[in-house]
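Visitor: Here is the input, now give the coordinates:
(chains A and B)
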2 protein chains.
Amino acid sequence: MPRWEPDGRGRLEAAAMELYSERGYEMTTVAEIAERAGLTERTFFRHFADKREVLFGRASRLEEFLAERVIAAAPEVGPLDAIVAALVEAGPPLGEMYDSAVRRRAVVASSPELQERERTKLANLTAALRTALLVRDIAPSRASLAAEAGVAIFKVGFEQWIEQGNRSPLQTYFTMQYAELKALAGGPDLSAARSPSQV
Amino acid sequence: MPRWEPDGRGRLEAAAMELYSERGYEMTTVAEIAERAGLTERTFFRHFADKREVLFGRASRLEEFLAERVIAAAPEVGPLDAIVAALVEAGPPLGEMYDSAVRRRAVVASSPELQERERTKLANLTAALRTALLVRDIAPSRASLAAEAGVAIFKVGFEQWIEQGNRSPLQTYFTMQYAELKALAGGPDLSAARSPSQV
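Guide: Here you go, the predicted structure:
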């Protein structure tokens, strides 16, 4: 993992990813991860609560990165625009890690408990973006919906980026998904005009 | 729980909810739930895999209800319009259960493992809506985003309905959140015009 924390923490993350890919997540122990990284188990637990967390170190860094930028956006920028602008800014550093993102995704897909943790992390990201919008004095319900929509753009854009093999820069997928959301939500308000019995 | 499966299954759901509210989710056993419902533990396990699942019986019924309606929507109805129309139709039957929804929400909020299961159920709902849209020949990435956006509208609308104490019918909250999403995504496409370095 060049250019991303070449310290103990980064070495543990790289070692865990290698082992999870080689022999599977279930079959890998913390002792083996530490050994591969040339560190002790004790050091592992200084950085990560468990074998799952080592896959999600980036999640909290991303959360912080995005929340800071949403808070710092110019006052006239709308809530969802602010989130998408932050995602676009996160694109280049995240995009550098395409290979490890592909491997990571395969590992997460292999384990229901990792998928569960992934959903928890995305829920944390949603909460952090919501809080950032509250700091900007956005109304709570609006902040919730904008945060949910922003995370939807992140998830679907990231997924497409992986599926299409890094064909375009990651940030392009975020802006494309935002354009897609505009198209989806852009039609006439059919639902409001229709009564339940007519549907 | 009047009018909602007054059979063994429904009685177990009602008994579990009562006990979880009275003495807490952690402190309640399956044996106690069965006893309160006047049934055996064996019957409990014929209906539910575990103590968690009993809180999520409605989730799969809702999933089915919405997916069926999305598939059956008229061909000219857009993907997100179809989801919101289905939500609007689900509003009245779901809305009848306001009191139990309030109690259920408090129980779920009390336990990280229940919150985790709730996220899994919402992920399942998203997947079911996505599949329903694929049946309608919507492109996969568009179907993913529309399903995510639809579930965001459901979550935030439902939450607001509870918080505002059932002030308006549940379906009104869904259409309000859809209108809110249109407003959020309706501005000029700022993010696309802005390069990462300018943000």
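Visitor: Could you measure from the residue positioned nearest the centre of chain A over to A:S168?
Guide: Centroid-nearest residue in chain A: A:A59, 5.8 Å away (criterion: Cα atoms, centre = their mean). Using Cβ to Cβ, to the nearest Å, A:A59 is found at 23 Å from A:S168. To be clear about C-beta, it is placed using only N, CA and C from the backbone, and glycine gets the same treatment.
Visitor: list the buried ones in the strand or helix carrying A:I71?
Guide: Secondary structure from DSSP states H and E places A:I71 in helix A:57-72. Neighbour-count burial for helix A:57-72 flags A:57-59, A:62-63, A:65-67, A:69-70 (criterion: 16 or more other Cβ atoms under 10 Å in any protein chain shown).
Visitor: Would you state the helices of chain A in chain order?
Guide: A:8-23, A:30-37, A:41-47, A:57-72, A:79-95, A:98-109, A:112-135, A:140-163, A:170-185, A:190-193 (DSSP state H).
Visitor: okay, and for chain A, where does confidence drop off?
Guide: A:1-6, A:187-199 (pLDDT under 70).
Visitor: please redo it, this time with the cut-off set to 90
Guide: A:1-10, A:14, A:21, A:55-61, A:97, A:99-100, A:112-113, A:186-199 (pLDDT under 90).
Visitor: ok, A:A90 - how many residues close by?
Guide: Neighbour count of A:A90, defined by other Cβ atoms under 10 Å in any protein chain shown: 20.
Visitor: check contacts around the closest residue to it other than its chain neighbours.
Guide: The shortest distance from A:A90 to any non-neighbouring residue, by Cβ to Cβ, 6 or more residues apart in numbering or on different chains, is to A:F65 (5.7 Å). A:F65 makes contact with A:86, A:89-90, according to Cβ atoms under 8 Å, 6 or more residues apart in numbering or on different chains.
Visitor: Kindly recompute the last result at 10 Å.
Guide: A:58, A:86-87, A:89-90, A:93-94 (Cβ atoms under 10 Å, 6 or more residues apart in numbering or on different chains).
Visitor: Check A:V102 too.
Guide: Contacts of A:V102 by Cβ under 10 Å, 6+ apart are A:21, A:161-163, A:165-166.
Visitor: do that again at 6 Å, thanks
Guide: By Cβ atoms under 6 Å, 6 or more residues apart in numbering or on different chains, the contact list for A:V102 reads A:I162.
Visitor: what separates it from chain B, distance-wise?
Guide: For A:V102, the distance to chain B (Cβ to the nearest Cβ, to the nearest Å) stands at 18 Å.
Visitor: Close to chain B: what parts of chain A are there?
Guide: Residues of chain A that fall close to chain B, judged by Cβ under 6 Å from any Cβ of the partner chain: A:78, A:80-81, A:84-85, A:88-89, A:116, A:119, A:123, A:141, A:144-146, A:148-149, A:152, A:156, A:160, A:175, A:177-178, A:180-182, A:184-185, A:187, A:190-192, A:196, A:199.
Visitor: What values do phi and psi take at A:T29?
Guide: Main-chain torsions, A:T29, degrees, to the nearest 10: phi -110, psi 160.
Visitor: Tell me, how many residues neighbour the residue nearest to it when sequence neighbours are not counted?
Guide: Using Cβ to Cβ, 6+ apart and skipping residues adjacent in sequence, the residue nearest A:T29 is A:K51, 7.8 Å away. Around A:K51 sit 18 other residues, with neighbours defined as other Cβ under 10 Å.
Visitor: again with A:G24
Guide: Neighbour number of A:G24 under other Cβ under 10 Å is 12.
Visitor: how close does the closest residue to it other than its chain neighbours sit to chain B?
Guide: Closest residue to A:G24 apart from its sequence neighbours, by Cβ to Cβ, 6+ apart: A:S110 at 6.7 Å. Applying Cβ to the nearest Cβ, the value for A:S110 to chain B is 16 Å.
Visitor: What are the neighbouring residues in contact with A:V151?
Guide: Contacts of A:V151 (Cβ under 6 Å, 6+ apart): A:122, A:125-126.
Visitor: For the spatially closest residue to it that is not a sequence neighbour, grab the count of nearby residues.
Guide: Distances taken as Cβ to Cβ, 6+ apart place A:T126 nearest to A:V151, at 4.8 Å, with adjacent residues excluded. Per other Cβ under 10 Å, the neighbour tally for A:T126 reads 22.
Visitor: How about the one 3 residues further on?
Guide: Per other Cβ under 10 Å, the neighbour tally for A:L129 reads 28.
Visitor: same thing with A:P75?
Guide: By other Cβ under 10 Å, neighbour count at A:P75 equals 7.
Visitor: Now it. Nearest residue, chain neighbours left out?
Guide: A:R136 (7.8 Å).
Visitor: ok, the residue nearest to the centre of chain A touching A:K121?
Guide: Yes. Assessed by Cβ atoms under 6 Å, A:A59 is found in contact with A:K121 at 4.2 Å.
Visitor: picking up where we left off before, can you count the residues close to the residue nearest to A:P75?
Guide: 16.
Visitor: separation between it and A:I71?
Guide: A:R136 is 7 Å from A:I71, by Cβ to Cβ.
Visitor: same deal with A:L134?
Guide: For A:L134 relative to A:I71 (Cβ to Cβ), the value is 10 Å.
Visitor: quick one, what contacts the residue nearest to the centre of chain A?
Guide: A:K121.
Visitor: Angles on the backbone of A:A74, please.
Guide: The phi/psi pair for A:A74 (degrees, to the nearest 10) is phi -60, psi 150.
Visitor: Hmm, I typed the wrong one, I wanted A:V77.
Guide: Per degrees, to the nearest 10, the backbone of A:V77 is at phi -80, psi 130.
Visitor: Can you give me the end-to-end span of stretch A:157-176?
Guide: End-to-end distance for stretch A:157-176: 8 Å, by Cα to Cα, to the nearest Å.
Visitor: Could you give me the buried positions within that stretch?
Guide: A:157-162, A:170-176.
Visitor: In ChimeraX, select just the buried ones from the residues of chain A next to chain B.
Guide: Buried residues within these, by 16+ other Cβ under 10 Å, are selected in ChimeraX with:
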select /A:78,80,81,84,85,88,89,116,119,123,141,144,145,146,148,149,152,156,160,175,177,178,180,181,182,184,185,190,191,199
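Visitor: That'll do, ta.
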